[in-house]
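[1] quick check, what structure comes out for this input:
(one chain, ligands or ions: 1)
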Amino acid sequence: MPSSITRCELTFLEREPIDVDRAVAQHAVYGMVLRELGLEVLEIPADPAFPDCCFVEDVAIVLDRLAVLTRPGAASRRNETPAVAEVLARFRPLVRVEAPATLEGGDVLMLGRTLFVGSSPRSNADGLERLREVAEPLGYRVVAVPVTGCLHLKSAVTALADGRVLANPAWIDVTPFRGLDVIPVAPEEPGAANVLRVNGTIVAHPGFPRTLERVAALGYDVRPLDVSEFLKAEAALTCKSLLFRRH
Ligand code: GLY
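    Here you go, the predicted model:
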C-alpha cells in the first residue's frame, strides 16, 4: 500500500484527505480477512512511484487457462503491470493488451463463463475486442455493458452468485444482465454495489447498512470490512486483489 495513494487518480470524485496510516491498517485487515476465508494470499510490494498500485485488479484479468495483462486507460497506471505479471507468470501463460486498446480489470465482471465488460472512461472498444479475441476460444462469452455514472463497471455491479448481481442501475445499463437476478443497492447508497465474493461469503464495506441488510436478507453470510480510505481513492473491495484458482 503506497503512501503516495494520496496522489491517486480520481475521475468522478473530488479529492479528500486520505489517512495513510488508516489505509495501511485497512489494507492489512483486508489480507487477514481473505486468509480467514480460506484463501492463500500473495502480496506484491508497493511501489510508491505508482499511487494506485494497490488496485491490482485493474492490471490483469485471470482466466482459467491464461491471464490477460491489461493496458490501463489511465496513463499513470500503465507501468503497474510488470510487478503483477511477474507473480502471475508462475500460474498462467500471459497475453497482453496493446495500444490503442485500453482495458482495466475493474471493468471486467466474470460470472461463470461470461465476461461482462464495461465501456468506461478506462476501457475502450479495442480493449473489449482484444479480450474477446483471447477469451472466446477458451469458451467465454463477452458481453459489453455501457458505464455512464462511475469509474468502472464493478463500481456499479458485482456478483453475489453466478446468477445474481448487486447493482446500481443509475450508473450502468443493466439490460445486458437480463436473465440474471439483479438486486439493486439502496438508492441512498449509490457506492454500495462493489462487494467481494469469497467462498460464499460476501465481503462488504459496513458504511452501506441498508444495502447490506438486503444482501443478508437473501441468506448470504456478510463479512463487514471497512475500506473507508480506499473509497476516497475511488476504489473499494474488489480492486485490491486478483482472485483465481491455482492449477
Ligand atoms: N484511483 C483509482 C483509479 O482511478 O484507478
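[2] and this protein, which residues reach the ligand?
    Neighbours of the ligand within the chain, by Cβ under 6 Å from any ligand atom: 8-9, 11, 52, 55, 74, 151, 233-235. (Each C-beta comes from the backbone N, C-alpha and C, glycine too.)
[3] any of those buried? List them.
    With burial judged by 16 or more other Cβ atoms under 10 Å, the buried subset of these is 8-9, 52, 55, 74, 151, 233-235.
[4] which one among those gets closest to the ligand?
    residue 9 (3.2 Å; Cβ to the nearest ligand atom).
[5] distance check, the closest residue to that closest one other than its chain neighbours against residue 7.
    The shortest distance from residue 9 to any non-neighbouring residue, by Cβ to Cβ, 6 or more residues apart in numbering, is to residue 74 (4.9 Å). To residue 7, residue 74 is 12 Å away according to Cβ to Cβ, to the nearest Å.
[6] which single helix of this protein contains the most residues?
    helix 20-36 (DSSP state H).
[7] convert the C-alpha atoms of that helix to CSV, please.
    Output in CSV follows, covering the C-alpha atoms of helix 20-36 (Å, rounded to 0.1, in the frame of the first residue of the first chain):
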residue,chain,number,x,y,z
VAL,A,20,-2.5,6.8,5.1
ASP,A,21,-2.0,5.1,8.5
ARG,A,22,-5.6,4.1,8.5
ALA,A,23,-5.4,2.9,4.8
VAL,A,24,-2.3,0.8,5.7
ALA,A,25,-4.2,-0.8,8.6
GLN,A,26,-7.3,-1.4,6.5
HIS,A,27,-5.2,-3.0,3.8
ALA,A,28,-3.6,-5.3,6.3
VAL,A,29,-7.1,-6.3,7.6
TYR,A,30,-8.2,-7.0,4.0
GLY,A,31,-5.4,-9.6,3.6
MET,A,32,-6.3,-11.1,7.0
VAL,A,33,-9.9,-11.5,6.1
LEU,A,34,-9.0,-13.2,2.8
ARG,A,35,-6.9,-15.6,4.7
GLU,A,36,-9.6,-16.2,7.3
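[8] list of residues touching it?
    Helix 20-36 is contacted from outside by 1, 3, 5-6, 41, 43, 54, 198, 203, 223, 225-230, 240-241, using Cβ atoms under 8 Å, 6 or more residues apart in numbering.
[9] which other helices and strands contact the host helix or strand of residue 210?
    Using DSSP states H and E, residue 210 maps to helix 209-217. Helices and strands touching helix 209-217, by 3 or more Cβ pairs under 8 Å, 6 or more residues apart in numbering; DSSP states H and E, are strand 201-204, strand 221-224.
[10] go again using 6 Å as the cut-off
    Packing partners of helix 209-217 (3 or more Cβ pairs under 6 Å, 6 or more residues apart in numbering; DSSP states H and E): strand 221-224.
[11] which residues sit against the strand it packs on?
    With Cβ atoms under 6 Å, 6 or more residues apart in numbering as the test, strand 221-224 has contacts from 201-204, 206, 212, 215-216.
[12] list buried residues within those.
    The buried subset of the contacts of strand 221-224 - by 16+ other Cβ under 10 Å - is 201-204, 212, 215.
[13] contact partners of stretch 126-141?
    65, 68, 95, 97, 100-103, 113-115, 117, 142, 144.
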